[in-house]
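Trainee: Sequence and predicted structure, then a few things I'm wondering about:
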Amino acid sequence: MAAAFLQASAAPHRLVLALLLGGLFCAAGGVAAATGASELALGLAAVAVLAPLGYALARAGAWLVRQLDSGDLFSPCVAFPLAYILWFSFGAIDFVEDPFHVLYGMFDPMPPAIWGYAALGLAGYLCGVAVCGRRNNSPQARPSSQEFAHRWRTSSYRAALTSFFLLMTGSYIALVVRMGIPVLSASAAEDRLAIANFGPTQSVFLCSAWTLMVLLPVGGWTGRMGRKPAILGVAAVSALMLSLGGRANFFAGFLTLVIARNYLRGRIRVRAVLLGTAALFVVFSAYGFLRDSAFHAANSAANSAANSLEYLDQIGIPAAAQPLVYAFTYVRGTVATFRDVAAMIPSEIPYQHGRLTLLPLATLLPGHHEPADMFFKKILGHDFVGLGQPATPLGPFYADFGGFGIAAGMFAFGGLAGALYRRVRRHPTTLCALAYAWMTQAGLFGLFAGLCPYITTLFVPLLWLALDRFLRLEPPRIAAQTFSPRV
């Protein structure tokens, strides 16, 4: 790997120049220290160290981007492990001093055990990919978009579009009549939570909207409809989802669309993914900050120490940067919740023995069944405006069976990812690409919300399987019969 990196360096003289400048700064720092200018000496020494190091890191990053561009970014061995490492690194590193114990101790120090559990989960996932995916998960194994077979009948495709559009529109109207349009309200942060009271209607709307978000682009990519109508259709569906005041449902559908495009349309460059991710992070962070700020301004009684946004000032974040980094609290918050859950289970609360992992299936039974994030919020005794407290994908597994649950649960998810990716390579069809895109989205978004927080996570691929069978169904043929008149 080191040889490949040195070979990839197109301009080695730049490294020599960086080292030379570093040496000059070291010499200047020594002279400054000898003459008593301590601050200048420290500054020059810092530049001397950071200049070559920064150049080496930049070259290493460029080499890594080229390596990822040459293969499949969304392979089970690439996308999820990288996102997993970044999520826990940013969420677990204590680089913010919190002397006020704000927001239920979100920025309190992380114990070393959290790093151990994170490593255990990643190891279990990679073992599952290796066992079930065999040798088909290398970054160079991405099938070309020309290899995918599109066997959907055009007439059935248009009928499906019409049906799902009617379902989405009808369920959206039913939701709006009952709860209004949250995004138009100053209390959108609270009004959006009312959708949880209309479970069946919400499920119909989300499943229809997510299906349209992939059906419309697939039609544009395969020539079954124009590109402009497909883009306008996706924009309309996105607007309806965002009008309900949340970002999570839109992000799940959009991420599925991006991953599916990587296989059905053409490879997406790493630079485009990085720039798009940064742009979405900033936009969604500002959106959440403005929405919550408007809510707290309109409801001064809710501005307690836990619900207000003053904690951003208390931890030293400048006011101008707060809208841009607000979404970081979602990263830190999930890891902090997992830290608190691991501290309470099993010392104060016993293991749940599979109840949290199987809760999505329990929603099919009569009665009210709280999801895992609501369970965590309840046992921690936290009271804030919002639904539950997700604890990363490791939280439900740990709460059920401890460290063994983390290893077994992540192994099962890795095995599913490897098996689906192998299926995509061996039988590249539209259904396989969409199913793998949805599963990968569930893993990436699951870093925040959990791998399977709701029944819709399981229901959507089953719906798409039935839809694929319908779109490939040949119309019945009526055999020609000869009738002879009676004499």
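Mentor: Ah, there it is.

Trainee: Which pLDDT value goes with the nearest residue to Ala342 once chain neighbours are set aside?
Mentor: Sequence neighbours aside, Tyr398 is the residue nearest to Ala342 in space, at 6.1 Å (criterion: C-beta to C-beta, 6 or more residues apart in numbering). Backbone N, C-alpha and C define where each C-beta goes, glycine included. pLDDT recorded at Tyr398 is 92.

Trainee: following the helix or strand containing Val258, which helix or strand comes up?
Mentor: If you go by DSSP states H and E, Val258 is part of helix 248-264. Later in the chain than helix 248-264, the nearest helix or strand by DSSP H and E is helix 270-298.

Trainee: Could you check the angle that next one makes with helix 248-264?
Mentor: Orientation check (axes from the mean of the first three to the mean of the last three C-alpha atoms, to 10 degrees): helix 270-298 against helix 248-264 gives 170 degrees.

Trainee: Quick one: list the elements packing against the helix holding Val258.
Mentor: Contacts defined by 3 or more C-beta pairs under 8 Å, 6 or more residues apart in numbering; DSSP states H and E place helix 248-264 against helix 199-221, helix 227-242, helix 270-298, helix 430-449.

Trainee: Comparing the ones you listed, which stretch has the densest surroundings?
Mentor: helix 430-449 (a mean of 23; mean count of other C-beta atoms under 10 Å).

Trainee: re earlier: among the helices and strands packed on helix 248-264, which is nearest Arg339?
Mentor: Of all the helices and strands packed on helix 248-264, helix 430-449 sits nearest to Arg339, with 15.3 Å by C-beta to C-beta.

Trainee: helices and strands around the closest one, which ones?
Mentor: Under the contact definition 3+ C-beta pairs under 8 Å, 6+ apart, helix 430-449 sits against helix 79-92, helix 199-221, helix 248-264, helix 328-344, helix 403-426, helix 456-471.

Trainee: Using CSV, write out the CA atom coordinates for it.
Mentor: Backbone C-alpha positions of helix 430-449 (Å, rounded to 0.1, in the frame of the first residue of the first chain) are rendered in CSV as follows:
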residue,chain,number,x,y,z
THR,A,430,-33.7,-3.7,-11.0
LEU,A,431,-35.3,-5.4,-8.0
CYS,A,432,-31.9,-6.5,-6.7
ALA,A,433,-30.4,-3.1,-7.0
LEU,A,434,-33.4,-1.4,-5.2
ALA,A,435,-33.4,-4.0,-2.4
TYR,A,436,-29.6,-3.6,-1.9
ALA,A,437,-30.0,0.2,-2.0
TRP,A,438,-32.7,0.1,0.7
MET,A,439,-30.7,-2.2,2.9
THR,A,440,-27.6,0.0,2.6
GLN,A,441,-29.7,3.0,3.4
ALA,A,442,-31.1,1.3,6.4
GLY,A,443,-27.6,0.6,7.7
LEU,A,444,-26.2,4.2,7.0
PHE,A,445,-29.3,5.9,8.4
GLY,A,446,-29.4,3.3,11.2
LEU,A,447,-26.2,4.8,12.6
PHE,A,448,-28.6,7.4,13.9
ALA,A,449,-32.0,5.7,14.3
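
Trainee: What separation do you get for Gln441 and Ala118?
Mentor: 21 Å (C-beta to C-beta, to the nearest Å).

Trainee: Need the contact partners of the helix or strand harbouring the residue nearest to Ala342.
Mentor: Per DSSP H and E, Tyr398 falls inside helix 394-401. For helix 394-401, contacts defined as C-beta atoms under 8 Å, 6 or more residues apart in numbering pick out 117-118, 121, 334, 337-338, 341-342, 345, 351-357, 359, 372, 375-376, 391, 405-406, 408-410, 450.

Trainee: picking that back up, ok, how many other residues are close to the residue nearest to Ala342?
Mentor: Neighbour count for Tyr398, taken as other C-beta atoms under 10 Å: 26.

Trainee: likewise Arg158?
Mentor: By other C-beta under 10 Å, the residues close to Arg158 number 13.

Trainee: Does it lie in a helix or a strand, and which?
Mentor: Applying DSSP H and E as the criterion places Arg158 in helix 154-179.

Trainee: quick one: average confidence on that helix?
Mentor: The pLDDT scores in helix 154-179 average 90.

Trainee: Could you dump the helices and strands packed on helix 248-264 into CSV and include mean pLDDT and distance to Gly253?
Mentor: Below are the helices and strands packed on helix 248-264 laid out as CSV (pLDDT from 0 to 100; distance: least, C-beta to C-beta, whole Å):
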stretch, mean pLDDT, distance to Gly253
helix 199-221, 89, 4
helix 227-242, 90, 7
helix 270-298, 76, 13
helix 430-449, 90, 8
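
Trainee: okay, and for this protein, where does confidence drop off?
Mentor: By pLDDT under 70, the low-scoring segments of the chain are 1-71, 95-105, 134-150, 186, 188-190, 292, 294-324, 364-369, 384-386, 474-487.

Trainee: one step back: what about the residue nearest to Ala342, distance to Gly253?
Mentor: Shown here: Tyr398 relative to Gly253, a distance of 29 Å by C-beta to C-beta.

Trainee: thinking again about what came up before, determine which of the helices and strands packed on helix 430-449 approaches Val131 most closely.
Mentor: Per C-beta to C-beta, nearest to Val131 of the helices and strands packed on helix 430-449: helix 403-426, 6.2 Å.

Trainee: Against which helices or strands is the closest one packed?
Mentor: Right, helix 403-426 is packed against helix 112-133, helix 394-401, helix 430-449 by 3+ C-beta pairs under 8 Å, 6+ apart.

Trainee: Test my guess that Arg153 contacts Phe470.
Mentor: No: contact status for Arg153 versus Phe470: not in contact, 9.2 Å apart, counting by C-beta atoms under 8 Å.

Trainee: what about the spatially closest residue to Ile93 that is not a sequence neighbour, how many neighbours?
Mentor: Closest residue to Ile93 apart from its sequence neighbours, by C-beta to C-beta, 6+ apart: Met110 at 7.7 Å. Residues lying near Met110 (other C-beta under 10 Å) number 19.

Trainee: Look up how far Gly124 lies from Met110.
Mentor: 20 Å.

Trainee: Phi, psi for Phe74 please.
Mentor: Here is the backbone geometry of Phe74 (degrees, to the nearest 10): phi -100, psi 20.
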